[in-house]
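S.K.: starting from these lines, generate the structure:
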Amino acid sequence: MIQIAMSFSEVLTIQQTHFYLVSIYQMEKSCSRVPGSI
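M.R.: Predicted coordinates:
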């Protein structure tokens, strides 16, 4: 039970970090290029 909870929290942390990095990348991309472009 504890191992599953720890691995689950680790996955959430990785997902949050990935989402954070993607958000920064999108912000920089929208600032350097036309806003709204993917």
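
S.K.: which residue ranges of the chain form helices?
M.R.: 2-32 (DSSP state H).

S.K.: for it, which spans come out with low pLDDT?
M.R.: Within the chain, the segments meeting pLDDT under 70 span 1-2, 4-6, 32-38.

S.K.: what about residue 27, how many residues close to it?
M.R.: Per other CB atoms under 10 Å, the neighbour tally for residue 27 reads 10. For every residue, glycine as well, the C-beta is placed using N, CA and C.

S.K.: let me fix that, I meant to ask about residue 12.
M.R.: 10.

S.K.: from residue 21, how far off is it?
M.R.: 15 Å (CB to CB, to the nearest Å).

S.K.: same question for residue 14.
M.R.: In terms of CB to CB, residue 14 sits 11 Å off from residue 21.

S.K.: try residue 11
M.R.: On the measure of CB to CB, residue 11 and residue 21 end up 16 Å apart.

S.K.: same thing with residue 13?
M.R.: Residue 13 is 13 Å from residue 21, by CB to CB.

S.K.: do the same with residue 30
M.R.: 15 Å.

S.K.: again, but for residue 8
M.R.: In terms of CB to CB, residue 8 sits 21 Å off from residue 21.

S.K.: ok so, going back, looking at residue 30 and residue 21, which has the bigger crowd around it?
M.R.: Taking residue 30 and residue 21 together and counting by other CB under 10 Å, residue 30 has the greater number of neighbours (13 against 10).

S.K.: if I look at the more buried one, how far off is residue 16?
M.R.: 21 Å.

S.K.: kindly report the same for residue 31.
M.R.: Distance from residue 31 to residue 16, by CB to CB: 23 Å.

S.K.: do residue 3 as well
M.R.: Distance from residue 3 to residue 16, by CB to CB: 20 Å.
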